[in-house]
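Trainee: only geometry, no sequence info:
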């Protein structure tokens, strides 16, 4: 787990180093919210409740305008100095934060902190989280609209499944290759849940939602489709380079040119856009059926 954290931090630093230079744009705000949770942050923007948001964690990358805000660092590798520099009057987080001594210091300094009760780890819970956050930010109507849209999108996605007859094997790689080891989402991940809702299946087993796996494991799974997050896809430069990766080369996905780019933030949590993301995933993983 420690090595996974180091690789994730390194990835984010490589792709987001410019965000550390972002200036405080809301120096006059009396209420100053630092939100350390990418799922929360997307919902805050969807609710149009971002007015008092002064800083976020490094892994919060949606919507695009969030990247203009200062960052307090990776959510599992925070520093006291980074958080205090933003002079927060409220810290919102999802309990997936650390290290522990930093959060203890925030408590000792009596900086108010808030964690929402709804976990947001399935569709109904994600809707409950939107509702809870809507009440908290006095955006109840906006929350209702977001949930109505999610319901409509999910209904469309479920109905469209009936036109597909295959269940593609899909591997999702959150690229962090070091000595031919890949950060890969397992069948116990949120991404795998979305793939199932899109009519596919993730053939990678594991105790955690994301694991470092060898090239041999990727090769043995022989996926029909490989989804590579933006971190790795953009770094490698071309589909041809990706197809030559150890463990990827020789798979059905590589041989049939079925390796696709996905946004990391679309695959690791649920939110108002989940229905439309699942619809896009359906188009990607069933593209061979559509072509027939």
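Mentor: That came through fine. Bear in mind the structure is a predicted one, so any value in this text is a computation, not a measurement.

Trainee: find the nearest non-adjacent residue to residue 105, please.
Mentor: Spatial nearest neighbour of residue 105, excluding adjacent residues (Cβ to Cβ, 6 or more residues apart in numbering): residue 80 at 5.0 Å. C-beta coordinates here come from the backbone N, C-alpha and C atoms, glycine included.

Trainee: wait, what's in contact with the one you found?
Mentor: The neighbours of residue 80, taking Cβ atoms under 8 Å, 6 or more residues apart in numbering as the test, are 102, 105, 106.

Trainee: of the residues you listed, which belong to helices?
Mentor: Secondary structure assignment (DSSP state H) places 102, 105, 106 from the contacts of residue 80 within helices.

Trainee: show me what the helix or strand that contains residue 195 is packed against.
Mentor: Assignment of secondary structure by DSSP states H and E places residue 195 within helix 190-197. If you count contacts as 3 or more Cβ pairs under 8 Å, 6 or more residues apart in numbering; DSSP states H and E, helix 190-197 packs onto helix 140-160, strand 170-174, helix 264-267, helix 274-285.

Trainee: state the distance from residue 93 to residue 73.
Mentor: Summarising the geometry, the distance separating residue 93 from residue 73, computed by Cβ to Cβ, to the nearest Å, is 13 Å.

Trainee: please apply the same query to residue 212.
Mentor: With distances defined as Cβ to Cβ, the gap from residue 212 to residue 73 amounts to 22 Å.

Trainee: what sits against residue 82?
Mentor: Applying Cβ under 8 Å, 6+ apart, the residues contacting residue 82 are 72, 73.

Trainee: residue 127 too?
Mentor: Listed by Cβ under 8 Å, 6+ apart, the contact set of residue 127 reads 147, 150, 151.

Trainee: buried residues in stretch 49-56, which are they?
Mentor: Judged by neighbour count (16 or more other Cβ atoms under 10 Å), stretch 49-56 contains these buried residues: 49, 50, 52, 53, 54, 55, 56.

Trainee: burial measure for the closest residue to residue 76 other than its chain neighbours, as a count.
Mentor: The shortest distance from residue 76 to any residue other than its chain neighbours is 4.8 Å, reached at residue 98 (Cβ to Cβ, 6+ apart). Around residue 98 there are 14 other residues, counting by other Cβ atoms under 10 Å.

Trainee: phi, psi for residue 98 please.
Mentor: phi 180, psi 180 (degrees, to the nearest 10).

Trainee: that one against residue 78, yeah?
Mentor: Yes. Taking contacts as Cβ atoms under 8 Å, residue 98 lies within contact range of residue 78: 6.8 Å.

Trainee: so where's the protein uncertain?
Mentor: Of all residues in the chain, those with pLDDT under 70 make up the ranges 1-28, 175-179, 290-292.

Trainee: the domain parsing of it - what is it?
Mentor: What automatic domain parsing lists as the domains of the chain is 2-115, 165-291.

Trainee: which of those is buried the deepest?
Mentor: Across the domains of the chain, the average number of neighbours (mean count of other Cβ atoms under 10 Å) peaks for domain 165-291, which reaches a mean of 19.
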